[in-house]
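Undergrad: From the sequence below, what's the structure:
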Amino acid sequence: MNRAKDEKEDYIREVNEKLRAKMQEMDIECQIKGRYKQHYSIYQKMLSQNLEFNEVYDIIAFRIIVDAIPQCYAAMGAIHSMWKPIYYKIKDYIGNPKPNMYQSIHTTVVGPKGERVEIQIRTWEMDRIAESGIAAHWSYKEGTKIDKDTGLLFAWIRKLVENQEHYNDPDEFLENVRIDLYPDEIYVFTPTGEIKTLPKKATPVDFAFLIHTEVGAECTGAKVNGKIVPLAHPLKTGDTIEIITTKGHTPSQDWLGFVKTVKARTKIRGWINAKEKERSYTLGREMCEKTFRKRNQNFNALVKSGEIKKVADSYGFRTIDDLIAQVGFGKFTPLQVFNKALPDVEKQSLKEEALSRTSSEKTTKKESTGVIVKGLDDILVRFSKCCNPLPGDPIIGYITQGQGVTIHRRRCSNVLAMSMERQIEVEWSNETKESYPASVRVRTEDRFGLLADIAFVISKHKSNILNAKTETLETGVGLFYFTILVEGTEQLQKIMSDIRKVKKVTDVKRIFREE
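TA: Residues are numbered from 1 along each chain as shown. Below you'll find the predicted structure:
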């Protein structure tokens, strides 16, 4: 090492100067130290990698100390732009600190003359911890002050050391260390005394599914330490849990709002999806039977003959039931199934539909909803009363068993609670001009003839008033609630704009039942 040191002095000076020049070019204030690896470290490398001394290349190491973490990464980028890094030698202990709190970036590059150079990059605080260790933070025992953040960071270590004398049982001591090291876990007991581990804030439902899937599914109540608690009750370490079950009970979708374990969440979703599939199958079969019946075909007969099985196979489904369930979910339309099963009948059906439309124009207009459901025109469509969507509003359809498709505004609060599987894309038709109910609230100051003036504005826009209600607050403010018929949001906006111009009107707002 002494002989190598004499030979390497000039090399260290050269690397040091080039590093310093690069850091100045990048405007990074730093301190650069060049050093030789410790004898023991080199000796260990020779043993572990079976190397001769002259085969150990990275004997020289440099340390760059900067002010802040972003500068550590900037310095590494600058070094890699100057010398080629050895990719498997790059270690980021800043992003992933060692358990003993050590932080630095390590990189080894091929430096001048093709020799390997190891470089460590860290901040001053990281350097202090690396050089002095955790003990440096306990300097308060020597009478010096310690900063608040550092005190909090290592409080659990001080507590561990100071309290170990109170534990006579080593198992008890280790269990308390475990709880301190893994604060995100809790330890609870079964009625027979068996210990179970759960995430922090886990509930009796999580515990029930941990015991057994069937226990979780049939869970209807729980006792914690002998007292009945809600199913959403957060458990604590040391609690004894007893689950109350009811035969035939199934999980509730509400449980997804409070369970913490992956197993419970997965099992609950599985039950809900199975139930949804059952409902969708019923709805899908009803829709298919109706569509086929309108075209003088028997859906059930085609199922028995194997024609529908061919359709299922062509779409990649294992069974006919899977295909029918997807129709209920809204992923396929009954018309798609019909056209796939009986392509030769399609033209005849289209002719009959065209003839029916021309011969009963008035009826068609009366039954039209102004909404297209994935191009399907033979399904029952109704509008939700919670948000009263109008042409111009973004809308979404929701498939309801036995009631066809219900149309909601996309921003309706009830849409958020819907199953995604039962939602279906819909759009407003450009061909139909229908009138739809819309509710508005008008805030006013009181004056004579105000109601008549507002009613005049509404009738001027050729809109009918379905319902009107007035209310006077204690402050003297008057509130008028109108339900009017409009062709869409554009007409409604014009009416609201003109109402705002009426004297003593202070505010006009469209309202929804969901509010």
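Undergrad: now the residue nearest to P97 when sequence neighbours are not counted, what's its secondary structure?
TA: Using Cβ to Cβ, 6 or more residues apart in numbering and skipping residues adjacent in sequence, the residue nearest P97 is Q103, 4.8 Å away. No exception for glycine: its C-beta is placed from N, CA and C like everyone else's. At Q103, secondary structure determined by DSSP: H, G, I helix; E, B strand; the rest coil is coil.
Undergrad: so what's Q103 up against?
TA: Each residue near Q103 by Cβ atoms under 8 Å, 6 or more residues apart in numbering is listed here: Y93, I94, P97, R122, T123, M126, I129, A130.
Undergrad: looking at the sheet around the residue nearest to L466 when sequence neighbours are not counted, what are its partners?
TA: Leaving aside its sequence neighbours, L466 sits nearest to T483 (Cβ to Cβ, 6+ apart; 4.4 Å). As for beta bridges, T483 partners with S439, N467 under DSSP bridges.
Undergrad: Include neighbour count when you put the contacts of Q103 into a markdown table, please.
TA: Below are these laid out as a markdown table (neighbours: other Cβ atoms under 10 Å):
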| residue | neighbour count |
| --- | --- |
| Y93 | 17 |
| I94 | 17 |
| P97 | 14 |
| R122 | 24 |
| T123 | 18 |
| M126 | 23 |
| I129 | 20 |
| A130 | 19 |
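Undergrad: Just the ones in helices from those, please.
TA: Within the contacts of Q103, membership in helices is found for M126, I129, A130, as judged by DSSP state H.
Undergrad: any chance of those residues in CSV, plus pLDDT and distance to E52?
TA: Below are the ones in helices among the contacts of Q103 laid out as CSV (pLDDT from 0 to 100; distance: Cβ to Cβ, whole Å):
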residue, pLDDT, distance to E52
M126, 88, 34
I129, 78, 35
A130, 80, 30
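Undergrad: of the residues you listed, closest to A325?
TA: Minimum distance to A325 across the ones in helices among the contacts of Q103 is 58.5 Å, recorded for M126 (Cβ to Cβ).
Undergrad: Next, the contact list for the closest one, please.
TA: M126 sits in contact with I94, Y102, Q103, S104, where contact means Cβ under 8 Å, 6+ apart.
Undergrad: contacting residues for the residue nearest to the second one when sequence neighbours are not counted?
TA: Nearest in space to Y102, with sequence neighbours left out and distances taken as Cβ to Cβ, 6+ apart, is A130 at 5.5 Å. Residues in contact with A130, defined by Cβ under 8 Å, 6+ apart, are Y102, Q103, S104, R122.
Undergrad: now do 7 Å
TA: Residues in contact with A130 (Cβ atoms under 7 Å, 6 or more residues apart in numbering) are Y102, S104, R122.
Undergrad: same thing with I119?
TA: Going by Cβ under 7 Å, 6+ apart, I119 touches F62, I64, I79, T107, V109.
Undergrad: JSON lines please, covering those and showing neighbour count, pLDDT and secondary structure.
TA: Converted to JSON lines, the contacts of I119 look like this (neighbours: other Cβ atoms under 10 Å; pLDDT from 0 to 100; DSSP: H, G, I helix; E, B strand; the rest coil):
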{"residue": "F62", "neighbour count": "20", "pLDDT": "91", "secondary structure": "strand"}
{"residue": "I64", "neighbour count": "24", "pLDDT": "94", "secondary structure": "strand"}
{"residue": "I79", "neighbour count": "24", "pLDDT": "93", "secondary structure": "helix"}
{"residue": "T107", "neighbour count": "21", "pLDDT": "93", "secondary structure": "strand"}
{"residue": "V109", "neighbour count": "22", "pLDDT": "90", "secondary structure": "strand"}
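Undergrad: one step back: quick one: which two of the contacts of M126 are the most distant?
TA: I94 and Y102 (10.0 Å).
Undergrad: any shared contact partners between these two?
TA: Common neighbours of I94 and Y102 (Cβ under 7 Å, 6+ apart) do not exist.
Undergrad: what about V56, distance to R13?
TA: 21 Å (Cβ to Cβ, to the nearest Å).
Undergrad: ditto for F456
TA: Distance of F456 to R13, given as Cβ to Cβ: 94 Å.
Undergrad: Then E474?
TA: 88 Å.
Undergrad: And the two? Which one has more around it.
TA: R13 (11 against 5; other Cβ atoms under 10 Å).
Undergrad: what number of residues lie near the residue lying closest to that one once chain neighbours are set aside?
TA: The shortest distance from R13 to any non-neighbouring residue, by Cβ to Cβ, 6+ apart, is to G34 (8.0 Å). Residues near G34, counting by other Cβ under 10 Å, number 18.
Undergrad: With R422 instead?
TA: R422 has 20 nearby residues by other Cβ under 10 Å.
Undergrad: mind listing what it touches?
TA: Here R422 is in contact with E276, F329, G330, Y398, I399 (Cβ under 7 Å, 6+ apart).
Undergrad: Just the ones in strands from those, please.
TA: Per DSSP state E, strands hold the following members of those: Y398, I399.
Undergrad: closest to T489 among the contacts of R422?
TA: Proximity of those to T489 was ranked by Cβ to Cβ; the top entry is Y398 with 20.7 Å.
Undergrad: Please list all residues in contact with the closest one.
TA: The contact partners of Y398, by Cβ under 7 Å, 6+ apart, come to V405, T406, H408, M418, R422, Q423.
Undergrad: which one is I243 nearest to, not counting chain neighbours?
TA: Nearest non-adjacent residue to I243, counting by Cβ to Cβ, 6+ apart: A208, 4.7 Å away.
Undergrad: What is the neighbour count of that neighbour?
TA: A208: 27 surrounding residues under other Cβ under 10 Å.
Undergrad: What segments of the stretch 251-400 of the chain are helices?
TA: Secondary structure of the stretch 251-400 of the chain (DSSP state H, counting those that start in this stretch): helices at 262-294, 299-305, 307-314, 320-329, 334-341, 346-359, 361-367.
Undergrad: Rebuild the ones you listed as JSON lines, extending it with mean pLDDT, distance to H249 and mean neighbour count.
TA: Output for the helices of the stretch 251-400 of the chain, formatted as JSON lines (pLDDT from 0 to 100; distance: least, Cβ to Cβ, whole Å; neighbours: other Cβ atoms under 10 Å):
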{"stretch": "helix 262-294", "mean pLDDT": "81", "distance to H249": "11", "mean neighbour count": "18"}
{"stretch": "helix 299-305", "mean pLDDT": "85", "distance to H249": "34", "mean neighbour count": "15"}
{"stretch": "helix 307-314", "mean pLDDT": "86", "distance to H249": "33", "mean neighbour count": "17"}
{"stretch": "helix 320-329", "mean pLDDT": "80", "distance to H249": "24", "mean neighbour count": "22"}
{"stretch": "helix 334-341", "mean pLDDT": "81", "distance to H249": "35", "mean neighbour count": "21"}
{"stretch": "helix 346-359", "mean pLDDT": "54", "distance to H249": "47", "mean neighbour count": "12"}
{"stretch": "helix 361-367", "mean pLDDT": "39", "distance to H249": "43", "mean neighbour count": "10"}
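Undergrad: Quick check: which of those helices is nearest to S252?
TA: Closest approach to S252 among the helices of the stretch 251-400 of the chain is made by helix 262-294 (8.0 Å; Cβ to Cβ).
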